[in-house]
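**Student:** Everything below, folded, please.
(4 chains)
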Number of protein chains: 2
Amino acid sequence: MITIKEIARLANVSSATVSKVINGKDRYISEETRKRVLEIVEREGYIPNGIAKSLKMKRTKTIGIILPDVMNLFFSEVAKGAEDAAERKGYTVILCNSDNSKAKEGKYINILQEKMVDGIILTASEAETSKYLERCNIPMVLVDRDLELEKPVGRIVVDNVEGTYKATNYLISKGCKSIGFVSSQEVNKLAKERLLGYKKALRENGMEIDPNKIFLKSFTVETGYEGVYHLFNQGHVDGICCGNDLIAIGVIQGLKEKGISVPEEVKIIGFDNICIGKYLDPPLTTVRQPIYKLGEEAVNVLISIIEKKDIEMVKVLDTEIVVRASA
Amino acid sequence: MITIKEIARLANVSSATVSKVINGKDRYISEETRKRVLEIVEREGYIPNGIAKSLKMKRTKTIGIILPDVMNLFFSEVAKGAEDAAERKGYTVILCNSDNSKAKEGKYINILQEKMVDGIILTASEAETSKYLERCNIPMVLVDRDLELEKPVGRIVVDNVEGTYKATNYLISKGCKSIGFVSSQEVNKLAKERLLGYKKALRENGMEIDPNKIFLKSFTVETGYEGVYHLFNQGHVDGICCGNDLIAIGVIQGLKEKGISVPEEVKIIGFDNICIGKYLDPPLTTVRQPIYKLGEEAVNVLISIIEKKDIEMVKVLDTEIVVRASA
DNA sequence: ATTTCTTAGGTAAACGTTTACTCTCATATT
DNA sequence: AATATGAGAGTAAACGTTTACCTAAGAAAT
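**Tutor:** Numbers count the residues shown, from 1 in each chain, chains lettered A, B, ... in the order given. Got it, this is the predicted structure:
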């Protein structure tokens, strides 16, 4: 690899001059020299060594994004939103899959610090701990899954209570009298909030909260599938509010197996609006989260923190019901 | 941030000694000194500066992965496979979405070179060019979409001709007499090969190749949807071989709208076996590619090249028909 | 008694940039 | 005539590591 010194030698100038030309700090460089240097840079195919630059400048123009699993439709959309926004601002992103493991999450936080990333976007793993996080002094933005932390971090979330509250109310407005809830266990704030919204809606409508109609395991298709069997063993429902769309997929599958028609016998509403929802059968009615924007805003806020523009650190994005055919 | 020099000062040794201890090159370090240094490292929460290390060592333990779009179920699985494999080998991955744009792809190749990644995994954008690529002298592995290149690169692909050949034969074995093909335009080798396999199967079975039964646009749900209308305007088919699963999703949706039943009236087979296929209605019969493994092997081969173990540079992975309900 | 080997650890260059200073003219100002 | 200003470019330190080479001292071998 050819270096700046080599270019300098070929152009008969000092490396300082080459550096200035390349970086546009050419106020005191003659047009002639500038041209000559640029020509040689072009001809030799010189590519600046970003590592050396980062060492000197103490910034890498790189951010890390830690999320449970990019194969998950939700997180891949967050990742895309984040990467797109980063690219627009001249940053590059390192992708880290935590597989919902605290250990892996901690390991990555460490690696990212070693790699001197300028900031980190984190969708925390499910179990709530913050040991690793508190002692990391790189700018950080939490997205989707919020967390109680001492240190100041950005947060991009939606109002989850409101989301399931609206969803449940929607089912009620459609005439459901007995509504079940299938979601993840209350291991984190997000899961707690979604359960809360469901209960709140029932309570406000004078409907009984029946533990037998609540099935909590994890945010997966399998949970939805199991949930159906659980709910229908315990009795009967005519509507199911799902903790997310993956669960809704499993629920619909389970109901099909049981020969129960959606939405005629049981109405289903999901949460997230993942991109595949509209191709399901029936197309999924759901609570839309602006997933892509979640990633985008996370990067915007993170870069504001990095570049020390001060800006609102917390953004609560809006949810909205997307009516399709499942409810 | 505390540096190695600071640690050295606190431990009353030279920074060389600290470096040796940290990196386990401690053959000539007394146990006493080793302990003392390690304790101070721990106590002070020292994190090595990977950038400085990379500059000196001329390697970053980072690889770049360029793919069209992580939001696409296929590529997100490739990405996951790649990231998992990289993590196991102590590498970190920079994620780049090309959005199928040559310009963006070229830009990223450049950025990755500046960031001094040790290697690049590339799923080329659709249009075939290699200008940028030929002049990049970083180890590279092509995955999924193969490309003619002068320079030596790794390649991880499946036999696409065989894939659609098997798929079409499967439809024929199920009694289809008139088989359509909906796929992407022949902009790259992959698309060409898939079309070839379809034609080959028809030819070998003495069936006519009818251009009206072939609709080529892009590898998207929309193309599948449009394809149905195109095919049924031109006449009638009783089986459709799809260039990938996303197209199959669109095809099924289009057929539903037309009130045509799958698989009774028209049988559908996809390609890829994306994770959502089994939850479709009807569950999608498809040609399975080992998508996750594609990413995994890409990283394995790439790292072998980087670390100069020599190894087979080209891997052709197997496909297999996954029978579900759509055909 | 001299040489050689081994253990323990230090010195300082090098990796490829950026940038605060410095230097030299030439021109403008007093 | 002396001084200030500005254009144009160079010098060298610094960023935080790693590592080839050096030193010193004690043990072992000759």
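**Student:** my guess is residue A:86 meets residue A:300, correct?
**Tutor:** No - using C-beta atoms under 8 Å, residue A:86 makes no contact with residue A:300, being 9.6 Å away. Quick note: C-beta positions are derived from backbone N, CA and C, even for glycine.
**Student:** if you count what's nearby, which of these two comes out ahead?
**Tutor:** More crowded of residue A:86 and residue A:300, by other C-beta atoms under 10 Å in any protein chain shown: residue A:86, with 26 against 21.
**Student:** need the contact list for residue A:159.
**Tutor:** Contact analysis of residue A:159 by C-beta atoms under 8 Å, 6 or more residues apart in numbering or on different chains lists A:193, A:316, A:319.
**Student:** now do 7 Å
**Tutor:** Shown in contact with residue A:159 (C-beta atoms under 7 Å, 6 or more residues apart in numbering or on different chains): A:316, A:319.
**Student:** what's the answer for residue A:45, then?
**Tutor:** Counting by C-beta under 7 Å, 6+ apart, residue A:45 touches residue B:135.
**Student:** What distance do you get for residue A:119 to residue B:87?
**Tutor:** Distance, residue A:119 to residue B:87, using C-beta to C-beta, to the nearest Å: 21 Å.
**Student:** of the two, who's got more company?
**Tutor:** Counted by other C-beta under 10 Å, residue A:119 and residue B:87 do not tie: residue A:119 has more neighbours, with 26 against 19.
**Student:** OK, contacts around that one?
**Tutor:** With contact set as C-beta under 7 Å, 6+ apart, residue A:119 has these partners: A:63, A:138-140, A:302, A:305-306.
**Student:** In a markdown table: those residues, plus neighbour count and distance to residue B:100.
**Tutor:** Shown next, in a markdown table, are those (neighbours: other C-beta atoms under 10 Å in any protein chain shown; distance: C-beta to C-beta, whole Å):
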| residue | neighbour count | distance to residue B:100 |
| --- | --- | --- |
| A:63 | 28 | 24 |
| A:138 | 17 | 33 |
| A:139 | 22 | 32 |
| A:140 | 23 | 32 |
| A:302 | 29 | 27 |
| A:305 | 21 | 32 |
| A:306 | 18 | 30 |
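**Student:** overlap between these and the residues near chain B?
**Tutor:** Among those, not one lies near chain B by C-beta under 7 Å from any C-beta of the partner chain.
**Student:** Please identify which of those residues is nearest to DNA strand D.
**Tutor:** DNA strand D lies nearest to residue A:138 out of the contacts of residue A:119, by C-beta to the nearest atom of the strand, at 14.6 Å.
**Student:** which residue packs closest to the closest one, ignoring adjacent ones?
**Tutor:** Nearest residue to residue A:138 in three dimensions, chain neighbours excluded: residue A:120, at 5.6 Å (C-beta to C-beta, 6 or more residues apart in numbering or on different chains).
**Student:** State the helix or strand in which the one you found lies.
**Tutor:** If you go by DSSP states H and E, residue A:120 is part of strand A:119-122.
**Student:** buried residues in that strand?
**Tutor:** Residues of strand A:119-122 classed as buried: A:119-122 (neighbour count, 16 or more other C-beta atoms under 10 Å in any protein chain shown).
**Student:** could I get the helix or strand harbouring residue A:162 in CSV with only the CA atoms?
**Tutor:** Using DSSP H and E, residue A:162 sits in helix A:160-173. Taking C-alpha atoms only, helix A:160-173 is exported to CSV below (Å, rounded to 0.1, in the frame of the first residue of the first chain):
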residue,chain,number,x,y,z
ASN,A,160,-45.7,0.2,24.5
VAL,A,161,-48.4,0.6,27.0
GLU,A,162,-50.3,2.7,24.6
GLY,A,163,-49.7,0.2,21.8
THR,A,164,-51.3,-2.8,23.4
TYR,A,165,-53.9,-0.5,25.0
LYS,A,166,-55.0,0.6,21.5
ALA,A,167,-54.7,-2.9,20.2
THR,A,168,-57.0,-4.3,22.9
ASN,A,169,-59.4,-1.5,22.5
TYR,A,170,-59.5,-2.2,18.8
LEU,A,171,-60.5,-5.8,19.4
ILE,A,172,-63.2,-4.7,21.9
SER,A,173,-64.5,-2.2,19.3
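**Student:** what angle do the helix or strand just after it and helix A:160-173 make?
**Tutor:** The helix or strand immediately downstream of helix A:160-173 is strand A:179-184, counting by DSSP H and E. Following axes from the mean of the first three to the mean of the last three C-alpha atoms, to 10 degrees, one obtains 150 degrees for the angle between strand A:179-184 and helix A:160-173.
**Student:** Just the mean pLDDT for strand A:179-184, thanks.
**Tutor:** Computed over strand A:179-184, the mean pLDDT rounds to 98.
**Student:** mind listing what's buried in the next helix or strand after it?
**Tutor:** Sequence-wise, the next helix or strand downstream of strand A:179-184 (DSSP H and E) is helix A:189-204. By neighbour count on 16+ other C-beta under 10 Å, the buried set for helix A:189-204 is A:189-202.
**Student:** All the helices of chain A, residue numbers only.
**Tutor:** Ranges of helices within chain A are A:4-11, A:15-22, A:31-44, A:50-57, A:73-88, A:102-114, A:131-134, A:160-173, A:189-204, A:221-234, A:245-257, A:291-306, based on DSSP state H.
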